[in-house]
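In: Okay, predicted coordinates and the sequence, questions at the end:
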Amino acid sequence: MAQYIYSSSPHVKSPNTTRRIMIDVCIALLPACIAGCVLMGLVNAKLGWLSFMQIVLSAVSAVLAEFVYALCLKKSFKTILNEFDFTSLVTGLLIGMNLYPTSAWYVGILASIFAIVVVKMLFGGTGKNIVNPAIAGRIFAFIAFGAAFGGAMGYVDPDTASLETIKYVSTVSGGSVSTGATPLQTLFNANYTSTLSGWDLFLGTGVAGCIGEACKLALIAGGIYLVVRGVLNFRWPLVYVAVTGVTAVLIDLATGTNFKDAIARFVPYILSGGLILGAIFMATDYVTTPNTKLGNYIYFACLGVLTAVLRHAVKGEAVSFAILLMNLLVPLFDRYIRRRPFGYVKPERKPRQKKTVTEQPVADEKVVAKEGK
Amino acid sequence: MRTFKGGFHVPDGKSLTAEASVEYMPLVTDYFVSLSQHIGKPARPVVNAGDQVVEGQLIAEASSPVSANIHSPVCGEVVEIVKRKNAQGALVDCVHLRSDGKQDKFTYPPLVDPTPEQIVARIAEAGIVGMGGAGFPTAVKLQPRDPVDTLIINAAECEPYLNCDNRVMIERTEAFIAGVRLIAKALSVTNVYIGIEANKMQAYNALLAQEGVIADTKEALQNRKDGDIVVVLLKTKYPQGAEKTLIKACVNREVPVGGLPSAVGCIVDNVCTAYAVWDAVVNGNPLHKRFMTVSGRGIAVPKNLEVAVGTPLSAIVELCGGVNDDTVKLISGGPMMGFSLLDLDVCTTKTDSGLLCLTDKEASTVLPTPCINCGRCAQVCPMRLMPMYIDFYTTVGDTENAVRYGALNCFECGTCAYVCPAKRPIVQSVRLTKIRSKEKK
């Protein structure tokens, strides 16, 4: 007689799986990856290839790191393949996108290994990490390698950099070789004049910065794909970006900028740097966001305020640090913000009874408590 | 269209049997009638081995206030009282009956224009229990402690694949409506709703064609006469047919945690129960058969059947052309809340609304992976719980915290486990916590 599967209900389940979600995220990241490489390639063909290699190296090393880690745990190759859920590929892609074409070749590899092994696997693997591995990987690269990461956020030392790099940086920074500042940093210059239009920022043409954060159009297209596929809730990136922008305008007003200029900076401000990439793909990581709707609204609003404040404080990019800090607070959000269950009636507060000192032995109190039940 | 917050549209698979008229299940030789087909104490047998019984004869009587009478489904001989496995896998006492092919039948005297007390007494006599699945004795339900002003008939049938309620409403519309009126009379309420999901338009239109039945539109409600039954069209969404969500959708009242529907002045009864009430009061037939959907892609000919209580599932499957080779799962009841069966060596009860044979394309066979905290389970939970924490704390053995996150308020609809991309066995965790917390007490 045939053997039938015997299990607890429900017996039908949605076709959606973790793997499918992660593959969707990978697909959503592709346009931005391609756009980043192409845009760099337009400046200089070699830079385009470098960008491509950065992404591939990071992605491959992230996946390999997970495999090697699992092999060290003496898992069979078949189990590893069955358990592989593409989360490490997402992490690897994101780290690659957060690098500069001019970063040293080993930066992405080490950042990916750090992200996967230290941040994710040592904490228990998929779903158990406390902070987003890709964010941690980016910050690890930034702190550990400094100049090799990309010369402190795009700054390139003209004495040591290759000719192509100098040429590239000079192209996008308007001639000044020694200050290869990203558009965001130029925003904080006192005598800010718009060298790049909002459209340039949106399309990523002529923007210096990380490979993946250049083309906002491609990032948003990926985000829309995720929303359509039901992977991403469109509210959270919107809340994050909007609050960041509004806070920045408020800070400007508070520091004496006139109203018109402050408003004019809104669009370039939110389109500069890694905000869009962070808002769509990194801050919204399921594992490191609260579980309730209210919690998420507060979380992303706080994240927005923190990002704008940090950006103002360091006069540069701070999205990744803001996300990292807020990631650490997620357990608090989940602990204190809960939903009212269906049909839950708030118990009426009992009037406080004055504590009377009794000489009764402890055993008697237990009996009384039981009878009370 | 009215509904509740949360839930998820589960592909319903109802088209397999939506058009199939109810067929009578022919007589088989052996019947095993369980003595615990209801919530409460098992019934006490009143027959002995060797006794001759006729169809409809009392073979076991209610043994306590919460229990129900059980009647013989066939004419024949009592062979023995044996312990047999039920659909949940527990061993229960069953009366083994061997039919002799005769058609003798016992019926109670039909009641003409009965009083509420007479109706309740007849329902108790006829052994009617809630036929939606829980099997709570209906007579007990119709004598609530709290004042009740509303009767809601659960015609949502939100479980995928099942069509028995749907077919009853289409084929026995008049009897069903008469049954609803009898229950309303027993409760002495005039505010009567029938909640039906929008995927059963044929039944919906059939109901509206009846006299004294009106739609849930502003216009119709303004001209509502005393005693009119309101048919409420509900959004097709699982678990629309759960008692609490149905009440929320129909009359916008929230049953308090741990409370019964009567706490908010409502009584909810199933379609098949209403039909059984009509049958018992008007025809005097005790409850010993029911409507059942046999479906799934693993069965040769999906059917809606009228089956005698105690019929072996193997005989039902045989009538429907047998189980296909690609069947991986047998289910008693619906796919969301039903019980999976080890084999077909089980007999039907008053609460079995379906028998499903699912192929590997329908039944989920994916193994669980780690939770990724996506929050989908919390989004769909009709009780607004946070299932991910219940699952987590159960897995690590922390019953106290699992209970704190509402494991005991969960009615195990399974929506969370359905949408979970990690395929976490959340409902199983809830059940485990319920058992553990009972043990603790």
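Out: All right, it came through fine. Numbering: from 1, shown residues only, chains lettered A, B, ... in the order given.

In: who's in contact with stretch A:326-340?
Out: Applying Cβ atoms under 8 Å, 6 or more residues apart in numbering or on different chains, the external contacts of stretch A:326-340 come out as A:130-132, A:135, A:283, A:288-292, A:294-295, A:298-299, A:302-303, A:306, B:378, B:384-386. Bear in mind the C-beta positions are built from the backbone N, C-alpha and C, glycine included.

In: For chain B, spot the helix or strand the model is least confident about on average.
Out: helix B:218-222 (a mean of 86; mean pLDDT, DSSP states H and E).

In: Residue B:334 versus the residue of the stretch 1-150 of chain B found nearest chain A, what's the distance?
Out: Proximity of the stretch 1-150 of chain B to chain A (Cβ to the nearest Cβ) peaks at residue B:10, 6.9 Å away. According to Cβ to Cβ, to the nearest Å, residue B:10 and residue B:334 sit 10 Å apart.

In: swap in residue A:239?
Out: In terms of Cβ to Cβ, residue A:239 sits 39 Å off from residue B:334.

In: now do residue A:311
Out: Taken as Cβ to Cβ, the span from residue A:311 to residue B:334 is 54 Å.

In: Spit out the contact partners of residue A:341.
Out: Residue A:341 neighbours (Cβ under 8 Å, 6+ apart): B:257, B:383-385, B:406, B:409.

In: In terms of helix, strand or coil, where does it fall?
Out: Secondary structure state of residue A:341, per DSSP: H, G, I helix; E, B strand; the rest coil, is coil.

In: nearest residue to the residue lying farthest from the centre of chain B other than its sequence neighbours?
Out: In chain B, the residue that sits farthest from the middle, by Cα atoms, centre = their mean, is residue B:372; the gap is 34.2 Å. Spatial nearest neighbour of residue B:372, chain neighbours left out: residue A:127 (4.5 Å); criterion: Cβ to Cβ, 6 or more residues apart in numbering or on different chains.

In: What values do phi and psi take at the one you found?
Out: When quoted as degrees, to the nearest 10, the phi and psi of residue A:127 stand at phi 90, psi -10.

In: Show me which residues of the stretch 101-250 of chain B are close to chain A?
Out: Counting by Cβ under 8 Å from any Cβ of the partner chain, the residues of the stretch 101-250 of chain B close to chain A are B:160, B:244, B:248.

In: May I ask which of those has the most neighbours?
Out: Using other Cβ atoms under 10 Å in any protein chain shown as the neighbour criterion, residue B:244 leads those with 26 neighbours.

In: Tell me which helix or strand that one sits in.
Out: Assigning secondary structure by DSSP states H and E places residue B:244 in helix B:243-251.

In: That helix packs against which elements?
Out: Helix B:243-251 sits against strand B:150-155, strand B:191-197, strand B:229-234, strand B:266-270, with contacts defined as 3 or more Cβ pairs under 8 Å, 6 or more residues apart in numbering or on different chains; DSSP states H and E.

In: Can you give the contact residues for the third one?
Out: Put plainly, it is strand B:229-234. Here strand B:229-234 has contacts from B:1-3, B:156, B:177, B:180-181, B:192-198, B:204, B:207-208, B:212-216, B:220-221, B:224, B:240, B:246, B:249-250, using Cβ under 8 Å, 6+ apart.

In: which bits of the stretch 51-200 of chain A sit near chain B?
Out: A:83, A:85, A:87, A:124-128.

In: Buried subset of the residues you listed, written for PyMOL?
Out: If you want just the buried ones from these in PyMOL, going by 16 or more other Cβ atoms under 10 Å in any protein chain shown, the selection is:
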select buried, chain A and resi 83+85+87+125+126+127
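
In: tell me the contacts of the most centrally placed residue in chain A?
Out: Centroid check for chain A by Cα atoms, centre = their mean gives residue A:282 as the closest residue, at 2.0 Å. Shown in contact with residue A:282 (Cβ under 8 Å, 6+ apart): A:94, A:132, A:134-135, A:319-320, A:323.

In: go again using 10 Å as the cut-off
Out: By Cβ atoms under 10 Å, 6 or more residues apart in numbering or on different chains, residue A:282 lies in contact with A:94, A:97-98, A:132-135, A:138, A:274, A:288, A:319-320, A:323-324, A:327.

In: Just the terminal-to-terminal distance for stretch B:285-299.
Out: Terminal residues of stretch B:285-299 are spaced 31 Å apart (Cα to Cα, to the nearest Å).

In: re earlier: compare residue A:239 and residue B:334 (neighbour count), which wins?
Out: Looking at residue A:239 and residue B:334 with other Cβ under 10 Å, you find the greater number of neighbours at residue B:334, namely 28 against 20.

In: Next, the closest residue to the more buried one other than its chain neighbours: phi, psi?
Out: Nearest in space to residue B:334, with sequence neighbours left out and distances taken as Cβ to Cβ, 6+ apart, is residue B:159 at 2.9 Å. Here is the backbone geometry of residue B:159 (degrees, to the nearest 10): phi -60, psi 130.
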